[in-house]
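with the input below, show me the fold.
(2 chains)
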2 protein chains.
Amino acid sequence: MILAAYDRIAPHSIYTPLLSSPFLDRIAKRRLWVKAECLQHTGSFKFRGGWSAISALKPKDRARGVITFSSGNHAQGIASAAAHHDVSATIIMPSDSPDVKIKNTKDLGAKVILYNRKTEDRNLIETEVNPDKSLLLIKPYDDHNVIAGQGSVGIEIAAQAKTRNIKKADVLVCSGGGGLASGIALSLEQLNPNMLVRTAEPDKFDDIKKSLKSGKIECNKHTSGSVCDAVLTLCPGDITFPILKRLCGAGFSVSDEEALRAMVLAFEQLRIVVEPGGAVALAAALFHGKELNNEDVIVVATGGNVDRKIFQNALIKYGK
Amino acid sequence: MILAAYDRIAPHSIYTPLLSSPFLDRIAKRRLWVKAECLQHTGSFKFRGGWSAISALKPKDRARGVITFSSGNHAQGIASAAAHHDVSATIIMPSDSPDVKIKNTKDLGAKVILYNRKTEDRNLIETEVNPDKSLLLIKPYDDHNVIAGQGSVGIEIAAQAKTRNIKKADVLVCSGGGGLASGIALSLEQLNPNMLVRTAEPDKFDDIKKSLKSGKIECNKHTSGSVCDAVLTLCPGDITFPILKRLCGAGFSVSDEEALRAMVLAFEQLRIVVEPGGAVALAAALFHGKELNNEDVIVVATGGNVDRKIFQNALIKYGK
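Take a look at the predicted model:
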């Protein structure tokens, strides 16, 4: 499924570079490689899963239109792919999503419905908006075609590691519901089993880390309260968790401050714009090196849709 | 020479992506493609020319060590390649270069000599530092191996254009002494003669634009006075100008404000960090569309070494 998804995605996606910097290597005290998915269309890897799911729809389902939930990156991925395939898209987004994500999703042609994630239940809103289930629900991570699309990142990582003679590495992946991490893990299981996928999350939103430790699905206590908006999913998914459990090492969690520092270092040393939630894996590699197993570490910078003011303030606070 | 240089460079350089954004297309009113050389090692295309020149040295020349002039991007390119090849490097830099460029050049292991570009002549300083010419001078653009290295950008542009079905385009290149523009023009002359290379410079530092118009080498009146530090070279080179004259269309010039606006749009829409001098080609494509000939325009974002405060201030002033 991943190879088939990649055949559909590759002609339309960016083959994102694997970046490095001697200055980041010094901080990490190892060889550090950054897969820059913030450069992907719509500013995150979610373009891949969105394209995979929409392009796999049968003609009669395309005519129905789709609906989904998202804090903004899956939203833009679905909106972009839906527009290209002439499918109508309705997206339920939390009202405290970054402005840039809400605006871009609308500008890509999707219908956006906002809800308050502290007081409202997005599942109930979906029932209200879509009472007869005429719109097809594409879940942001617990969907086989979405996971297969995200897995295409793993195909590229395996190829790029080979040309750089990286035989063995920890592969750190920013994780919300675990769609990207499980997709990459499935790819690398086949293409390079010496790579160990490990999830990275914000402190207090480390549901996957806790679940991997206990061996069963654990959920977060809160749904908001971190600057890393992209990865505040409540629990790992029913499809993703068994994959993560079978294939991944122990998870990481980092503070908001570490994520913001990593974001500023990516600006200074790699010249890429990463959002806080897209920088948690880089933060883990830079600041939690003692928990790593290998001399090489590959991190996925998953997204770059950051509000200007958050970025400015981080530059002022943490820039050199 | 370009193909031979690329064979030496490619195993060590980043194959930089060709990015695009539907939102930038709307502003430009055409299909706009950005070759993101700001993601190259050392943060600019100058890594390629530096690597090409240093890797071409004979063993006895490597033992001599090299010297060069640069406001900072060629400096880092030479410093990085020299360190890798175990060659000592001395770089003469203007004291008003961005701090980030001076610091990185030193951190890469080069010896840096600062001079005041308003009152001192860098050629005289070179004579003082290198009286017996024991250090080999590698000029920043008027050097065959440097131009051949920069030409490798053209090889990648031709390949990337082909996969995106771009048959014909204006190719806009930020230009100081014209090393990159002439290298790309030579590549595309062979690989796709329907591509028209055109230089982009800051207003008042448009020596190439004026020279292309008059047909003979014209120089700028000033050596400083623009935020676009990377492209304030006084005159086109003796080697580069005849190539530009034979192969390029009319040049562009843009205001500092347009360059800064383009830098902010690249942050918002492409999630890349571009320095002002590296954004002049993007500014020309976005704001001088009437001067373009083709429906497709490819711009090279040449560098991303920008001082944090200049970036912050531009975000505040021009960000959405």
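
C-alpha from now on. contacts and neighbour counts both.
Fine.

per-residue pLDDT, residue A:42?
As predicted, residue A:42 sits at a pLDDT of 97.

what about it, distance to residue A:233?
Counting by C-alpha to C-alpha, to the nearest Å, the separation of residue A:42 from residue A:233 is 20 Å.

more neighbours: which of those two?
residue A:42 (34 against 24; other C-alpha atoms under 10 Å in any protein chain shown).

quick one: list the elements packing against the helix or strand where residue A:246 lies.
Using DSSP states H and E, residue A:246 falls within helix A:240-247. If you count contacts as 3 or more C-alpha pairs under 8 Å, 6 or more residues apart in numbering or on different chains; DSSP states H and E, helix A:240-247 packs onto helix A:179-191, helix A:207-214.

residue A:59 and chain B: what is the separation?
Going from residue A:59 to chain B by C-alpha to the nearest C-alpha, to the nearest Å gives 26 Å.

check residue A:292 too.
25 Å.

so that residue is in contact with residue A:172, correct?
No - contact criterion C-alpha atoms under 8 Å: residue A:292 and residue A:172 do not qualify, at 9.7 Å.

next, show the common contact partners of the two.
residue A:285 (C-alpha atoms under 8 Å, 6 or more residues apart in numbering or on different chains).

of these two, who's got more company?
A side-by-side neighbour count of residue A:292 and residue A:172, using other C-alpha under 10 Å, places residue A:172 first with 29 against 20.

let me see the contact set for the more buried one.
Per C-alpha under 8 Å, 6+ apart, neighbours of residue A:172: A:197-200, A:281-282, A:284-285, A:297-300.

swap in 7 Å and give it another go.
Taking C-alpha atoms under 7 Å, 6 or more residues apart in numbering or on different chains as the contact definition, residue A:172 lies against A:197-200, A:281, A:298-300.

residue A:250 against residue A:198, yeah?
Yes - Residue A:250 lies in contact with residue A:198 (C-alpha atoms under 7 Å); the separation is 6.2 Å.

on that earlier part again, contacts for the helix holding residue A:246 next, please.
So helix A:240-247 is in contact with A:142, A:178-179, A:182, A:185, A:212, going by C-alpha under 7 Å, 6+ apart.

using PDB, write out every CA atom in that helix.
C-alpha atoms of helix A:240-247 as PDB (Å, rounded to 0.1, in the frame of the first residue of the first chain):
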ATOM      1  CA  THR A 240      -1.400   3.200  14.500                       C
ATOM      2  CA  PHE A 241      -0.700   1.900  18.100                       C
ATOM      3  CA  PRO A 242      -0.200  -1.800  17.300                       C
ATOM      4  CA  ILE A 243       2.200  -0.800  14.600                       C
ATOM      5  CA  LEU A 244       4.100   1.600  16.900                       C
ATOM      6  CA  LYS A 245       4.200  -1.100  19.600                       C
ATOM      7  CA  ARG A 246       5.600  -3.700  17.300                       C
ATOM      8  CA  LEU A 247       8.200  -1.600  15.600                       C
END
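
following that helix, which helix or strand comes up?
strand A:252-254.

re earlier: what's the closest of the helices and strands packed on helix A:240-247 to residue B:48?
helix A:179-191 (31.1 Å; C-alpha to C-alpha).

buried stuff in the closest one?
A:179-189 (16 or more other C-alpha atoms under 10 Å in any protein chain shown).

if we can go back for a sec, name the residues of the helix holding residue A:246 that are buried.
Buried residues in helix A:240-247 (16+ other C-alpha under 10 Å): A:240-245, A:247.

go on, stretch A:190-201?
Result for stretch A:190-201 [16+ other C-alpha under 10 Å]: buried residues A:192-193, A:195-201.

columns secondary structure, pLDDT and distance to residue B:123 on top of the residues you listed, output as JSON lines?
Converted to JSON lines, these look like this (DSSP: H, G, I helix; E, B strand; the rest coil; pLDDT from 0 to 100; distance: C-alpha to C-alpha, whole Å):
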{"residue": "A:192", "secondary structure": "coil", "pLDDT": "98", "distance to residue B:123": "53"}
{"residue": "A:193", "secondary structure": "coil", "pLDDT": "97", "distance to residue B:123": "56"}
{"residue": "A:195", "secondary structure": "strand", "pLDDT": "98", "distance to residue B:123": "52"}
{"residue": "A:196", "secondary structure": "strand", "pLDDT": "98", "distance to residue B:123": "54"}
{"residue": "A:197", "secondary structure": "strand", "pLDDT": "98", "distance to residue B:123": "54"}
{"residue": "A:198", "secondary structure": "strand", "pLDDT": "98", "distance to residue B:123": "54"}
{"residue": "A:199", "secondary structure": "strand", "pLDDT": "98", "distance to residue B:123": "54"}
{"residue": "A:200", "secondary structure": "strand", "pLDDT": "98", "distance to residue B:123": "52"}
{"residue": "A:201", "secondary structure": "strand", "pLDDT": "98", "distance to residue B:123": "54"}
